[in-house]
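Visitor: Give me the fold of what follows.
(chains A and B)
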Protein chains: 2
Amino acid sequence: MSQFWSKRTQALSPYVPGEQPKDTRYIKLNTNENPYPPSATVQQAIQAASGDALRLYPDPNADELKQAIANYYHVDRQNIFVGNGSDEVLAHAFVALLKHDKPLLYPDISYSFYPVYSKLFGINEKQIPLDNNFAINIDDYQQDNGGIIFPNPNAPTGKAISLITIEKLVEQHPHSVIAIDEAYVDFGAESAIPLTKKYDNLLVIQTFSKSRSLAGLRVGFAIGSAVLIEGLERVKNSFNSYPLGREAIAGATASINDSESFETSRQKIIESRTWTDEQLTNLGFVILPSQANFIFAKPPTGYTADILYQQLKERNILVRYFNSARIDEYLRITIGTQEEMQALVTTLTDIFEQITYL
Amino acid sequence: MSQFWSKRTQALSPYVPGEQPKDTRYIKLNTNENPYPPSATVQQAIQAASGDALRLYPDPNADELKQAIANYYHVDRQNIFVGNGSDEVLAHAFVALLKHDKPLLYPDISYSFYPVYSKLFGINEKQIPLDNNFAINIDDYQQDNGGIIFPNPNAPTGKAISLITIEKLVEQHPHSVIAIDEAYVDFGAESAIPLTKKYDNLLVIQTFSKSRSLAGLRVGFAIGSAVLIEGLERVKNSFNSYPLGREAIAGATASINDSESFETSRQKIIESRTWTDEQLTNLGFVILPSQANFIFAKPPTGYTADILYQQLKERNILVRYFNSARIDEYLRITIGTQEEMQALVTTLTDIFEQITYL
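Guide: Residues are numbered from 1 along each chain as shown, chains lettered A, B, ... in the order given. Below is the predicted model:
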């Protein structure tokens, strides 16, 4: 604590970074990264953009990238907002569109940054409990609000809700912005992007980090009505008018223009998820139905999630354990390559046999 | 204006991007970019960082880059904060360290983002007029304040103040953060970085965009006491915990580790600035003494800055004209290559001869 810190900064909790081991001996199933590489065209495009031209500022509007995203999703360029990772896009959305006198609603079990942004930006917020099946029930959001946000599929549960339900929610709250955080949508859920043409209060946020294997490049985007995008642009241009570097614009554009590796890797991940779900169910886990690149899994009776997390770590497999109310009985396991998932199943089988025979 | 925008967003002015022509027929002396390329090692480092590893999140602490900056400036890694361009570093500094009940003080003629940040973050601010010679007089800052910020050298004047004067200011305000924005310091002014070891209330902000020819990569940094850096980290980690991509970390690290092109280009720019100053003075301009990679120049009697700006543009030379009180008689001219400055002088000579003979 320091006299030099603003009051808001004094109220913030220090950040504890997730485990990002610098050696490679771990099978990393803890941060929902894609196990497959990005499109090969990405590296070529970055190389071409990172020569002498780096002395010049990038296009502040990143029009080349916006146009590529617009083409891919059949919307107009004015309906696209881009930022330095979807975390930055979300932060601008909280300031520009989700900060009102009435409370912002989001699930109690959800992306951990929502309460952090609310605190940073002084936003009146109200957490709505997931139901007993860990599902978002839109009836619970039938109350006065200044905005609604949740991920679809939700994190860390992996559960998705249908497009019909999203549309109903958007219709029920015509005076609020409904922000759907689709970081994981490409692994099996339905995107609400087509609905943004019909509803001016719907904002969809996506990222290049997961399904496009570009977590290291830091590019995210939002799609919505021109008026929502203009609000985001005003805030972004008052914060950092050049958020995306030349190499980020070039790399992300190459990625979206080459969907082959994207399609291949997401299909492989969906197949491995189905296989892992079966195997872990056979081992006695309870698995929530997932449309994401991870599963949320409750270990069999007799094994607690925290101890199992530790036992996997000792055997060089990192998964994610959340020491929080309601979810501390579960592990979040990222879907890696098929070989990595086989190693996970083998290791879990070993652990269970050893403990049984003790 | 929209019901969906927060009150703060409704109060923001829409941003008008600077002229960034997409064709190359202009001699671009309008955005203070470096005319010389970055270190050749930058492209190699970015290439190496932008393969399959891009599927993985970057190091949220960018320790490799922080260590390289720490080595270069002889400080510790815990005294370094890095961000996505110095604009982002400044934005975090406004939220974390410069937002207090007492007013933030900065010059009336200065970097145009300071009032924008103050508005975005709801900061109580007070502008202190430059003196009649367009200089910052630290006696004018002898008043109750919640922080002080200015560029050194100042923009758009190019005028620097001495390290002795900076130290006096820092000593006069032990309970306020003094933020010195050194975007242009490498072109001839004295950096206050050594003073950060002595004063825990001094924050120095620099960028890779100007002297290191990396405007397109978006990397900036701050150096200060551990307590100031921790305040910045708390805000940054609540906003976007991975602001720098893998390729940005790699490129900036390569740049700081190879100072040869940096030293060469800044010397060439300083020489061309001296030459341009002489030539334009001979043509009748009044030039403020500049320690930056630009000069602030008042055209000879009979020629107004706005018309001269237009005449240069018609002849494919872009300079910067500010239609603002006190500075609307001046042009800000970036120092380009020696050839570009010769072209500027020749073109100005032509313009003056033509007008004279009309």
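
Visitor: In terms of secondary structure, what does the helix ranked longest in chain A contact?
Guide: Longest helix in chain A, counting residues (DSSP state H): helix A:260-282. Counting contacts by 3 or more C-beta pairs under 8 Å, 6 or more residues apart in numbering or on different chains; DSSP states H and E, helix A:260-282 is packed against strand A:286-287, strand A:294-298, helix A:338-357. C-betas here are computed from N, CA, C, even on glycine.

Visitor: Please spell out which residues along it are buried.
Guide: Within helix A:260-282, the residues scored as buried using 16 or more other C-beta atoms under 10 Å in any protein chain shown are A:261-262, A:265-266, A:268-270, A:272-273, A:276-277, A:279-280.

Visitor: Against which helices or strands is the helix or strand residue A:306 falls within packed?
Guide: Using DSSP states H and E, the element containing residue A:306 is helix A:305-314. When contacts are defined as 3+ C-beta pairs under 8 Å, 6+ apart, helix A:305-314 sits against strand A:320-321, strand A:331-334, helix A:338-357.

Visitor: for the record, mean pLDDT for it?
Guide: In this model, helix A:305-314 has a mean pLDDT of 96.

Visitor: what's in contact with the following helix or strand past that helix?
Guide: Downstream of helix A:305-314, the next assigned helix or strand under DSSP H and E is strand A:317-318. Residues external to strand A:317-318 that are found in contact with it (C-beta atoms under 8 Å, 6 or more residues apart in numbering or on different chains): A:19, A:21, A:26-30, A:312, A:343-344, A:347.

Visitor: quick one: strands adjacent to strand A:317-318?
Guide: Taking DSSP bridges as the criterion, strand A:317-318 forms sheet pairs with strand A:27-28 (parallel).

Visitor: Quick one: name whatever helix or strand follows the strand it pairs with.
Guide: Strand A:27-28 is succeeded, C-terminally, by helix A:40-49 (DSSP H and E).

Visitor: anything in that following helix near chain B?
Guide: Yes. Using C-beta under 8 Å from any C-beta of the partner chain, helix A:40-49 reaches chain B at A:42-43, A:46-47, A:49.

Visitor: now swap in stretch A:216-225 and tell me
Guide: Yes. Using C-beta under 8 Å from any C-beta, stretch A:216-225 reaches chain B at A:216-218.

Visitor: CA-only coordinates of that stretch in CSV, if you can.
Guide: Taking Å, rounded to 0.1, in the frame of the first residue of the first chain, the C-alpha atoms of stretch A:216-225 are listed here in CSV:
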residue,chain,number,x,y,z
GLY,A,216,0.8,-15.5,-28.0
LEU,A,217,-0.2,-12.8,-30.5
ARG,A,218,-2.9,-11.1,-28.4
VAL,A,219,-5.8,-10.3,-30.7
GLY,A,220,-9.5,-10.3,-29.8
PHE,A,221,-12.5,-8.7,-31.4
ALA,A,222,-16.1,-7.8,-30.9
ILE,A,223,-19.0,-7.8,-33.3
GLY,A,224,-22.1,-5.7,-32.8
SER,A,225,-24.3,-2.9,-34.1
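
Visitor: how far does that stretch sit from the chain's center?
Guide: Distance of stretch A:216-225 from its chain centroid, counting by C-alpha atoms, centre = their mean, to the nearest Å, is 11 Å.

Visitor: Could you do stretch A:339-358 as well?
Guide: Taking mean C-alpha positions (C-alpha atoms, centre = their mean), stretch A:339-358 and its chain are 29 Å apart.

Visitor: which of the residues in that stretch are buried?
Guide: A:340-341, A:343-345, A:347-348, A:351-352.

Visitor: which one among those residues gets closest to chain B?
Guide: Chain B has its nearest neighbour among those in residue A:340, at 13.3 Å by C-beta to the nearest C-beta.

Visitor: show me the contacts for the closest one.
Guide: Going by C-beta under 8 Å, 6+ apart, residue A:340 touches A:27, A:29, A:35.

Visitor: I figured the second one was touching residue A:333, is that so?
Guide: Think residue A:29. Yes. At 5.2 Å, residue A:29 and residue A:333 qualify as touching, with contact defined as C-beta atoms under 8 Å.

Visitor: Could you tell me which residues within the helix holding residue A:306 count as buried?
Guide: A:305, A:308-309, A:311-313.

Visitor: Show me which pair in those is furthest apart.
Guide: A:305 and A:313 (12.5 Å; C-beta to C-beta).

Visitor: Provide the count of other residues in contact range of the one residue in the stretch 1-150 of chain A that gets nearest to chain B.
Guide: Taking C-beta to the nearest C-beta, chain B has its nearest neighbour within the stretch 1-150 of chain A at residue A:15, 3.3 Å off. Neighbourhood size, residue A:15 [other C-beta atoms under 10 Å in any protein chain shown]: 16.

Visitor: Can you name the residues of the stretch 51-200 of chain A sitting close to chain B?
Guide: Proximity of the stretch 51-200 of chain A to chain B (C-beta under 8 Å from any C-beta) is limited to residues A:51-61, A:84-85, A:87-88, A:91, A:95-100, A:116-117, A:119-120, A:175-177, A:200.

Visitor: same thing but at 6 Å, please
Guide: Within reach of chain B by C-beta under 6 Å from any C-beta of the partner chain, the stretch 51-200 of chain A has these residues: A:51-52, A:54-58, A:60, A:84-85, A:87-88, A:91, A:96-97, A:99, A:116, A:120, A:177.

Visitor: can I get the helices and strands packed on helix A:260-282 in a markdown table with mean pLDDT and distance to residue A:204?
Guide: Below are these laid out as a markdown table (pLDDT from 0 to 100; distance: least, C-beta to C-beta, whole Å):
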| stretch | mean pLDDT | distance to residue A:204 |
| --- | --- | --- |
| strand A:286-287 | 97 | 27 |
| strand A:294-298 | 98 | 20 |
| helix A:338-357 | 90 | 30 |
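
Visitor: Distance to residue A:191 added to the ones you listed, as CSV?
Guide: Shown next, in CSV, are those (distance: least, C-beta to C-beta, whole Å):
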stretch, distance to residue A:191
strand A:286-287, 24
strand A:294-298, 18
helix A:338-357, 26
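
Visitor: Now, the residues of the stretch 51-200 of chain A next to chain B that are in helices?
Guide: Under the assignment DSSP H, these contribute A:87-88, A:91, A:96-97, A:116, A:120 to helices.

Visitor: Could you export the helix or strand bottoming out on mean pLDDT in chain A as CSV, CA atoms only?
Guide: Taking mean pLDDT, DSSP states H and E as the measure, the helix or strand of chain A with the lowest value is helix A:338-357, at a mean of 90. Output of helix A:338-357 as CSV, limited to C-alpha atoms (Å, rounded to 0.1, in the frame of the first residue of the first chain):
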residue,chain,number,x,y,z
GLN,A,338,-5.0,-37.1,-28.4
GLU,A,339,-1.6,-38.3,-27.2
GLU,A,340,-1.7,-35.9,-24.2
MET,A,341,-5.2,-37.0,-23.3
GLN,A,342,-4.1,-40.7,-23.5
ALA,A,343,-1.3,-39.8,-21.2
LEU,A,344,-3.7,-38.2,-18.8
VAL,A,345,-6.0,-41.2,-18.8
THR,A,346,-3.1,-43.6,-18.3
THR,A,347,-1.7,-41.4,-15.4
LEU,A,348,-5.1,-41.2,-13.7
THR,A,349,-5.6,-45.0,-14.0
ASP,A,350,-2.1,-45.5,-12.4
ILE,A,351,-3.0,-43.0,-9.6
PHE,A,352,-6.3,-44.8,-8.9
GLU,A,353,-4.7,-48.2,-8.9
GLN,A,354,-1.8,-47.2,-6.6
ILE,A,355,-4.2,-45.6,-4.1
THR,A,356,-6.5,-48.6,-4.2
TYR,A,357,-3.7,-51.0,-3.5
